[in-house]
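> here is a sequence with its predicted model. Questions after.
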Amino acid sequence: MPTYLLTWKPTRWQWENLADAVREVETKGYFDSRWSSGSTKRIVPDDRVFMLRQGSDRPGIMGSGWATSEVFEDTHFDATRPNDIALYINARFDTLIDPDTTEILHREDLYSGHLASVNWNTQASGMSISPEAAAELEARWAAHLLYFGQELVSLPDEVLAPEAYFEGATKQVTVSIYERSPRARQKCIEHYGVRCSVCDFDFEAVYGERGRGFIHVHHLVPLAEIGSEYRLDPIKDLRPVCPNCHAMMHRTAKVLSIATLRKQFE
């Protein structure tokens with residue numbers, strides 16, 4: 001899917017409700033916001049976006065999500081330019097880090113592989129990155145979040161066993177990346193809820209607020225078997241499952257069906 005960088009420079013605009021936005025992601029699973037798209041008019045709903053913090057103080061990736069609108073015009077966000085118009089998109093962030101409380105994915109860790117071709121010093125939102133760089137960014141972002149005990153909902157839960165090695169500041173992840181709309185995951189959860197389809201486990205019922213909204217989403221036909229892009233029906237093709245049952249379904253080369261594993265569980 002097309003992938004774009006949205007940028008935030010704290011010295012230019014104060015994100016006063018950032019801590020509240022992070023809490024909303026933790027409790028609801030997402031945070032909706034309007035954001036500048038710079039001069040870019042190409043962004044459309046379901047395009048992937050990453051939030052890039054700029055400036056000399058802790059630059060790097062601090063969030064991810066997807067566009068929920070096409071580009072539109074509105075009054076400029078800079079209060080010193082009340083007569084100017086800026087371009088915006090509506091975005092839904094599935095992951096968001098507060099740099100004051102959690103380490104972000106530092107910019108200096110993004111200058112290798114396909115990511116080396118990206119201009120990480122860009123000051124304007126809306127810059128697109130190549131599919132190869134986007135796939136590599138997804139993997140590094142997932143590894144970074146895993147290191148801090150978080151889950152990236154936009155990566156395939158089907159790839160359950162990436163080889164991840166963490167030594168000091170060195171982080172490496174090997175994982176097969178398949179395109180998938182984070183909105184499909186949300187549609188599945190809105191329809192089926194967050195109880196495991198196999199064992200009926202509910203994280204919020206057990207862990208309270210910390211567990212609210214947490215669940216894996218399983219493709220009934222594994223993406224690795226499809227091997228190409230296809231039109232996903234979130235209600236027909238996806239089911240919520242807990243991480244334990246999800247791991248058991250994928251523990252062997254032949255993925256177990258929900259019905260088979262449920263029978264074993266019972």
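Happy to help now that I have it.

> check contacts around S37.
The contact partners of S37, taken as C-beta atoms under 8 Å, 6 or more residues apart in numbering, are Y4, L6, I43, V71, L87, Y88, I89, S125, G126. For the C-beta atoms, the positions are set from N, CA and C on the backbone; glycine is no exception.

> switch the cut-off to 6 Å
S37 makes contacts with I43, V71, L87, I89, S125, G126, as judged by C-beta atoms under 6 Å, 6 or more residues apart in numbering.

> need the max-distance pair from these.
The distance between the two most remote of the contacts of S37 (C-beta to C-beta) is 10.7 Å, for V71 and S125.

> who's more crowded, these two?
Of the pair V71 and S125, S125 is the one with more neighbours under other C-beta atoms under 10 Å, namely 25 against 19.

> could you pull up the contacting residues of the more buried one?
Contacts of S125 by C-beta under 6 Å, 6+ apart are L6, T7, S36, S37, G38.

> what's across from the first one in the sheet?
For L6, the beta-bridge partners are M51 (DSSP bridges).

> my guess is it contacts W35, does it?
Yes: in this structure L6 lies within contact range of W35 using C-beta atoms under 6 Å: 5.1 Å.

> comparing the two, which residue is more hemmed in?
Just comparing L6 and W35: by other C-beta under 10 Å the higher neighbour count belongs to L6, 26 against 20.

> state the phi and psi torsions of A135.
phi -60, psi -40 (degrees, to the nearest 10).

> buried residues in the top strand by length along the chain?
Across the chain, the strand with the greatest residue count (assigned by DSSP state E) is strand 85-96. Neighbour counts over strand 85-96 (16 or more other C-beta atoms under 10 Å) mark A86, L87, Y88, I89, A91, R92, F93, D94, T95, L96 as buried.

> can you give me the offset of it from its chain's centre?
Centre-to-centre, strand 85-96 and its host chain are 14 Å apart (C-alpha atoms, centre = their mean, to the nearest Å).

> and that strand, what other elements does it pack with?
helix 18-28, strand 31-36, strand 60-67, strand 72-75 (3 or more C-beta pairs under 6 Å, 6 or more residues apart in numbering; DSSP states H and E).

> quick one on the thing from earlier: would you turn the buried residues of strand 85-96 into a markdown table with distance to D78 and pLDDT?
Shown next, in a markdown table, are the buried residues of strand 85-96 (distance: C-beta to C-beta, whole Å; pLDDT from 0 to 100):
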| residue | distance to D78 | pLDDT |
| --- | --- | --- |
| A86 | 8 | 88 |
| L87 | 13 | 93 |
| Y88 | 13 | 94 |
| I89 | 17 | 95 |
| A91 | 19 | 94 |
| R92 | 24 | 92 |
| F93 | 22 | 92 |
| D94 | 28 | 85 |
| T95 | 27 | 90 |
| L96 | 23 | 91 |
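
> of those residues, which is the nearest to S56?
Nearest member of the buried residues of strand 85-96 to S56, counting by C-beta to C-beta, is L96, at 21.6 Å.

> how much space separates the closest one from Y192?
Here L96 is placed at a distance of 25 Å from Y192 (C-beta to C-beta, to the nearest Å).

> low-scoring stretches of the chain, by residue?
Within the chain, the set of residues satisfying pLDDT under 70 comprises 146-183, 222-232, 253.
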